[in-house]
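K.L.:
All I have is the shape, not the residue letters:
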């Protein structure tokens, strides 16, 4: 693996939250241009070392994020995320809760599902606590 690919992989491996391409570049131990970062992330995703998802946040726009893919034996495990629309932090929702549902659709509908995306948007507890008290009529 090249030095740049390894640096990008390590940046994602060490991050507790998904990163966009700019953040991956900032976290890398080597410097390279943005085009190289995107190509590197595409390569790592094709090798199933990382996964990506597109997040639409009404406050900040649509953006693609990447996260490290964890292995459990021969099975690759991805996580799903909550994204706060106020502070833009991610909260890990844990292991994929829809794997059984996907398997059920494959069997019932005779499909081969090759991927899925699931994320939740809203306001985290810290941002909710900071919001001014509103009087509800």
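P.N.:
Perfect, thanks for sending it. In this text the structure is predicted, and so the values were computed from the model without any measurement.
K.L.:
ok, now how distant is the closest residue to residue 56 other than its chain neighbours from residue 121?
P.N.:
Of all residues not flanking residue 56 in the chain, residue 62 sits nearest, at 4.7 Å (C-beta to C-beta, 6 or more residues apart in numbering). Every residue, glycine included, has its C-beta placed from N, CA and C. In this view, residue 62 and residue 121 are 12 Å apart by C-beta to C-beta, to the nearest Å.
K.L.:
Kindly report the same for residue 79.
P.N.:
16 Å.
K.L.:
and what of residue 8?
P.N.:
Distance from residue 8 to residue 121, by C-beta to C-beta: 26 Å.
K.L.:
So for the two, which residue has more residues nearby?
P.N.:
Per other C-beta atoms under 10 Å, whichever of residue 8 and residue 121 has more neighbours is residue 8, with 31 against 14.
K.L.:
The more buried one contacts residue 41, correct?
P.N.:
Yes. Using C-beta atoms under 8 Å as the test, residue 8 is close enough to residue 41 to be in contact (6.4 Å).
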